[in-house]
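[1] please work out how this folds:
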Amino acid sequence: MRILIIGGTRFLGRAIVEAAQERWHKVTLFNRGKSNPDLFPKCEHIRGDRDGGLGVLQGRQWDAVIDTCGYVPRLVHAAASALAPSVNRYIFISSISAYADFSQMGIDEQSPTATLEDQTVETVTDETYGGLKAACERAAEQAMEERVLVIRPGLIVGPHDPTDRFTYWPYRVAQGGEMLAPGNAEQQTQFVDVRDLAVWTIHMVEEQKTGIYNATGPDYTLSMGQFLEACQQVTGSNTHLTWVKEDFLTAHDVDLPNWVPDAYKGLLAVNCQKAFQDGLRFRPLAETIRDTLAWKQTDGSAMRVGLTPEQEHTLLEAWHKKS
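    Residues are numbered from 1 along each chain as shown. This next block holds a predicted model:
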C-alpha cells in the first residue's frame with residue numbers, strides 16, 4: 001500500500017513508519033524536517049508545513065494518510081479536505097483525553113466527548129487538549145465522511161518517549177531505596193507500548209477499517225501495585241514502596257505521571273474491547289519495562305517528570321511524621 005504519514009519522525013510517528021516498512025508498504029513522509037530529519041533515508045520525504053503548505057501534496061495519490069500530529073481542528077480539516085480526492089482513508093491519531101467525563105470507569109467509544117467553550121481557541125494546554133482532539137476528530141469526519149479511522153490511545157510508552165511519563169517509574173525503581181508510591185496500590189493503570197500501537201495501526205490500515213477505537217492496554221486489569229512490582233522484578237531492585245495517600249499528595253501539590261486522583265479514575269480504566277476484537281495485541285509488560293529502561297540509560301537526557309531525590313525525601317519525611 002502507499003501510505004502518507006503526516007509527521008513520522010518522532011515517537012509514535014517513527015514507530016508507525018517502522019511498522020509500515022516491516023510490512024513492505026511504500027511510505028511517504030510529510031513534515032517540516034525539523035525533528036530527526038535524517039531518519040528513514042529510504043522513504044520519500046516531502047517538506048512542508050501543514051499550516052498553509054499543503055499544496056505540495058496536490059496531484060498525488062495514496063491509499064491512506066496517517067495524521068500523527070493533528071491538534072488544531074482548522075488544520076486537520078484543511079489536511080483532510082486537501083487530501084480527500086487523493087486518499088481512500090484518513091487515519092487520525094486522537095487521544096482518550098477527548099472524552100468529557102473521567103469520573104467513571106469503563107468509558108467506551110460511545111461516551112460523550114469534550115467540548116470547547118471557545119470554538120476558536122487553537123492553543124494547546126492541559127485544559128484545551130481534550131476538547132481540541134475531539135474537535136479535530138469531527139473536522140476530519142466532516143471533510144472525509146465515512147472514510148475516517150479515529151484511534152484514541154491512552155498513555156503511549158516505550159523507547160523514544162519524549163515525555164518520560166512511563167519511563168520515570170522503572171528508572172526510579174532501579175535506583176533502589178525507599179520510594180514514594182502514589183495513592184492506592186489497587187488503582188488500575190493503563191498504557192500501550194508505542195510499537196504495539198504502531199503495528200496495530202498499520203493492521204487497521206490494511207484492513208481498511210473506519211470508525212472510532214479506544215487503544216490502550218493491557219488486555220487485562222493491571223494495578224499500579226502490580227506494575228511497580230513488575231518494575232522491581234525486571235530491574236532486580238530491592239526498592240521499598242511506601243504508599244502515600246491521595247489526600248496527602250493533593251495537599252502537597254504532588255503531580256506524578258501515570259497516576260490520577262480517584263475523581264479521574266476513568267482516565268486509566270478505559271474500555272478497549274472493540275480494539276482487542278480487531279486485533280490489538282500487547283507484548284509482555286516486562287519487555288516494555290526492560291526496553292524503555294535500556295533506551296533511557298543510553299539516551300542520556302534528564303528525567304522530565306516525577307520527583308527529584310530531594311523532593312521525594314522531603315515528602316516521605318513529612319508523610320512518616322504525619323503517619
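
[2] please make it C-alpha for all contacts and neighbour counts, starting now.
    Noted.

[3] for this structure, what spans make up the strands?
    2-6, 26-31, 44-47, 62-67, 87-93, 148-153, 156-157, 178-182, 192-193, 211-215, 240-244 (DSSP state E).

[4] can you give the strand pairings for the longest one, parallel or anti for each?
    When pairing is defined by DSSP bridges, strand 87-93 lines up against strand 62-67 (parallel), strand 148-153 (parallel).

[5] so of those, which one's packed in deepest?
    Mean neighbours per residue, mean count of other Cα atoms under 10 Å, is largest over those for strand 148-153, with a mean of 24.

[6] export the strands of the chain to CSV and tack on distance to residue 102 and mean pLDDT?
    Conversion of the strands of the chain to CSV gives the following (distance: least, Cα to Cα, whole Å; pLDDT from 0 to 100):
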stretch, distance to residue 102, mean pLDDT
strand 2-6, 30, 98
strand 26-31, 34, 97
strand 44-47, 39, 97
strand 62-67, 26, 98
strand 87-93, 20, 98
strand 148-153, 15, 98
strand 156-157, 18, 98
strand 178-182, 19, 98
strand 192-193, 19, 98
strand 211-215, 14, 98
strand 240-244, 22, 98
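
[7] residue 107: which of those is closest?
    strand 211-215 (9.0 Å; Cα to Cα).

[8] spatially nearest residue to residue 267, not counting backbone neighbours?
    Nearest non-adjacent residue to residue 267, counting by Cα to Cα, 6 or more residues apart in numbering: residue 102, 5.4 Å away.

[9] the one you found touches residue 270, doesn't it?
    No - the criterion here is Cα atoms under 8 Å, and residue 102 misses it with residue 270 at 9.2 Å.

[10] now for these two: what residues contact both?
    By Cα atoms under 8 Å, 6 or more residues apart in numbering, residue 102 and residue 270 have no common neighbours.

[11] and those two? Which one has more around it.
    residue 270 (25 against 19; other Cα atoms under 10 Å).

[12] confidence score at the more buried one?
    Here the pLDDT value assigned to residue 270 is 98.

[13] residues in contact with it?
    105, 106, 107, 108, 214, 216.

[14] same question for residue 179.
    By Cα under 8 Å, 6+ apart, the residues touching residue 179 are 172, 173, 239, 240, 241, 242, 312.

[15] the closest residue in space to the third one that isn't next to it in sequence: neighbour count?
    Looking back up the chat, that one is residue 239. Using Cα to Cα, 6+ apart and skipping residues adjacent in sequence, the residue nearest residue 239 is residue 176, 4.2 Å away. If you count neighbours by other Cα under 10 Å, residue 176 ends up with 16.

[16] any idea how far residue 176 lies from residue 256?
    18 Å (Cα to Cα, to the nearest Å).

[17] again with residue 101
    21 Å.

[18] check contacts around residue 14.
    Shown in contact with residue 14 (Cα under 8 Å, 6+ apart): residue 8.

[19] residue 91 now?
    Neighbour list for residue 91: 64, 65, 66, 67, 148, 149, 150, 151, 205 [criterion: Cα under 8 Å, 6+ apart].

[20] then residue 99?
    Residue 99 touches 111, 112, 113, 114, 130, 134, counting by Cα under 8 Å, 6+ apart.

[21] and the furthest pair within those residues?
    The widest separation within these (Cα to Cα) is 13.6 Å, between 111 and 130.

[22] between those two, which one's more packed in?
    Under the criterion of other Cα under 10 Å, the comparison of residue 111 against residue 130 puts residue 130 first, with 24 against 12.

[23] okay, the residue nearest to the more buried one when sequence neighbours are not counted: pLDDT?
    Nearest residue to residue 130 in three dimensions, chain neighbours excluded: residue 98, at 4.2 Å (Cα to Cα, 6+ apart). pLDDT recorded at residue 98 is 98.

[24] what is the burial count for the nearest residue to residue 139 once chain neighbours are set aside?
    With Cα to Cα, 6+ apart as the criterion, residue 139 has its nearest non-adjacent residue at 4.9 Å, and that residue is residue 77. Applying other Cα under 10 Å, we find 22 other residues in the vicinity of residue 77.
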